[in-house]
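*Asks:* Next come a sequence and a model predicted from it.
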Amino acid sequence: MPPTPPSSTAGGADGPRIDLDEMRGLLRGVIDPELGSDIVDLGMVRDVTADDDGHVVVTIALTTSGCPLRAQIQRDIRTRLGSVPGVADVRLEWTEMTDEQKSSAMAKARFNVSQREEETNVAPTTKVILVASGKGGVGKSSVTVNLATAMAARGLKVGVLDADVWGFSVPRMLGVEGRLAGSEEGGRKMMVPHSKRVGDGELRITSMGFLVEDEASALMWRGLMLNRGVQHFLQDVAWGDDLDYLLVDMPPGTGDVQMGVAKMIPRAEVLVVTTPALAAQKVAERAVSMSRKSYLRVAGIVENMSAFTCDHGESYALFGSGGGAALAESSGAPLLAEIPLEPEVVSGGDTGQPAALGDGPAAEAFRALAEVVVTEAVPPLAMAGCTARMLDAAVAALDEADAAEETPSETAVDVPTPG
């Protein structure tokens, strides 16, 4: 068992005190991609300490010193812990498990695999982003849809889960309709998300809007039913093992659905959407607070409905200014984007043609947001050293070679020789 530190908090008198229990909770969101379980559950976290200046040291025991995913685990740990107020830097120390510890970790991983159908059907290699807000009316769904579209346009496979069960709007905003098809996987009946091609990428979409008869029908569900509905989308939808990202359009507030999703996907990361208004920013702080209490990393802040620029080039702050920057400062999370207020965003949502596919300042802002999310805030899992992916690639290459041998080419190809 990991040693217990003498104190659960650390930090100087002039700065925020670092809660070491919070540190360990955040580490539950770091998943070993090959074993599919979090590094705390697997016994890989041997110790977590912090000094009065905010320097955090994490000791990690690897199954082998030459673990090909060491760099990925290191990046995930630094990213999650580095976002906590009061943390100056994160240093990792490495050790290797004993044979007994390896056996225990593998047994735990096998047990988790056997129980996984009770958790979610989201692959452990899929990055999960919860798009949240403290209140409604800030354009959270618009940000979700346009961000997902811009990410798919980069060639990624992006899932969109409309978890705003009462106020579902994703089907209309993406121009998708019709009932979800069914399939069977391993004897289980599954729902197949709607698929929409975007450039070289793909959107996979599910929403309560695909399950009701009428878009205007009211769903009068209480907390338990709401939570069960979202759980159904996480457990019983065939998202696919090749999904790069899953964006979850969360309902506003800090209620049952938020708590349920945080429990089911502890590795999820959060984007908090606010407007420039300071009143909205203060409410959004509650979404940040809940994320931290649930040990979810706040990956960044998105300020939506920023200044409007008229045809004459004049800029107007219709909803105030500074809300996003203030929330970023108070939370310690980076301000990733300021999305301008443009009619094209509204019309794109009404017609099912997201503004991110068009031109103009808003489209550019959404594409820039997608770039910073993919390259910095929540980069996709680097699987170059993963044994499973390497084997898949090798099998695919052999199959391709066999097919080439069996199918004679109709056109002769000259192969250049060296020199």
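*Replies:* Structure's in. What do you need? Numbers count the residues shown, from 1 in each chain.

*Asks:* quick one: the helices in the stretch 51-200 of the chain?
*Replies:* 70-82, 99-115, 140-152, 170-174 (DSSP state H, counting those that start in this stretch).

*Asks:* Let me know which of those helices is tucked in deepest.
*Replies:* Ranked by average neighbour count under the criterion mean count of other C-beta atoms under 10 Å, those are headed by helix 140-152 at a mean of 28. For every residue, glycine as well, the C-beta is placed using N, CA and C.

*Asks:* pLDDT averaged over that helix - what is it?
*Replies:* On average, the pLDDT along helix 140-152 is 98.

*Asks:* Report the distance from it to the chain centre.
*Replies:* Put simply, helix 140-152 sits 13 Å off its chain's centre (C-alpha atoms, centre = their mean, to the nearest Å).

*Asks:* cool, stretch 40-47 as well?
*Replies:* Here stretch 40-47 is found 23 Å from its chain centre; the criterion is C-alpha atoms, centre = their mean.

*Asks:* List the contacts of it.
*Replies:* 1-3, 5, 24, 27-28, 30, 32, 35, 39, 57-62, 95, 97, 101, 104-105, 108-109, 112 (C-beta atoms under 8 Å, 6 or more residues apart in numbering).

*Asks:* Which of the residues you listed are buried? Put it as a PyMOL command.
*Replies:* A single PyMOL command selects the buried members of those (16 or more other C-beta atoms under 10 Å):
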select buried, resi 24+27+28+30+32+35+39+58+59+60+61+62+97+101+105+109+112
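
*Asks:* Output the helices of the stretch 51-200 of the chain as JSON lines; include the columns distance to Leu341.
*Replies:* Formatted as JSON lines, those follow (distance: least, C-beta to C-beta, whole Å):
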{"stretch": "helix 70-82", "distance to Leu341": "31"}
{"stretch": "helix 99-115", "distance to Leu341": "46"}
{"stretch": "helix 140-152", "distance to Leu341": "11"}
{"stretch": "helix 170-174", "distance to Leu341": "17"}
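
*Asks:* and the ones you listed, which one is worst for confidence?
*Replies:* helix 99-115 (a mean of 81).

*Asks:* how far is the lengthiest strand in the chain from where the chain is centred?
*Replies:* In the chain, taking DSSP state E as the definition, the longest strand is strand 297-306. Computed by C-alpha atoms, centre = their mean, the separation of strand 297-306 from the middle of its chain amounts to 14 Å.

*Asks:* same thing with stretch 26-43?
*Replies:* Remark: stretch 26-43 is offset 16 Å from the chain centroid, using C-alpha atoms, centre = their mean.

*Asks:* how far does it stretch from start to finish?
*Replies:* 15 Å (C-alpha to C-alpha, to the nearest Å).

*Asks:* So for that stretch, mean pLDDT?
*Replies:* 86.

*Asks:* got any ranges where the stretch 151-300 of the chain has weak pLDDT?
*Replies:* 222-224 (pLDDT under 70).

*Asks:* need the strands for it, in chain order.
*Replies:* Remark: strands assigned in the stretch 151-300 of the chain by DSSP state E, counting those that start in this stretch are 157-162, 181-185, 188-192, 194-198, 201-207, 245-249, 269-274, 297-306.

*Asks:* deepest of those, which one?
*Replies:* Of the strands of the stretch 151-300 of the chain, the one with the most neighbours on average (mean count of other C-beta under 10 Å) is strand 269-274, at a mean of 29.

*Asks:* Okay, angle between that strand and helix 70-82 too, please.
*Replies:* 40 degrees (axes from the mean of the first three to the mean of the last three C-alpha atoms, to 10 degrees).

*Asks:* So which elements touch strand 269-274?
*Replies:* Using 3 or more C-beta pairs under 8 Å, 6 or more residues apart in numbering; DSSP states H and E as the contact test, the elements touching strand 269-274 are strand 127-132, helix 140-152, helix 278-293, strand 297-306, helix 323-331.

*Asks:* In contact with Gly240, which residues?
*Replies:* If you count contacts by C-beta under 8 Å, 6+ apart, then Gly240 has 123, 157, 204 around it.

*Asks:* how about 7 Å then?
*Replies:* Listed by C-beta atoms under 7 Å, 6 or more residues apart in numbering, the contact set of Gly240 reads Arg204.

*Asks:* Now the phi/psi pair for it, please.
*Replies:* phi 100, psi 140 (degrees, to the nearest 10).

*Asks:* separation between it and Gly322?
*Replies:* Note on Gly240: its distance to Gly322, by C-beta to C-beta, to the nearest Å, is 41 Å.

*Asks:* Sort out for me which of the contacts of stretch 40-47 are in strands.
*Replies:* Counting by DSSP E, the contacts of stretch 40-47 place 32, 57-62, 95 in strands.

*Asks:* how about Ala333, secondary structure?
*Replies:* Ala333 carries the three-state label coil when classified by DSSP: H, G, I helix; E, B strand; the rest coil.

*Asks:* What distance do you get for the spatially closest residue to it that is not a sequence neighbour to Lys157?
*Replies:* Distances taken as C-beta to C-beta, 6 or more residues apart in numbering place Val298 nearest to Ala333, at 4.3 Å, with adjacent residues excluded. Here Val298 is placed at a distance of 25 Å from Lys157 (C-beta to C-beta).
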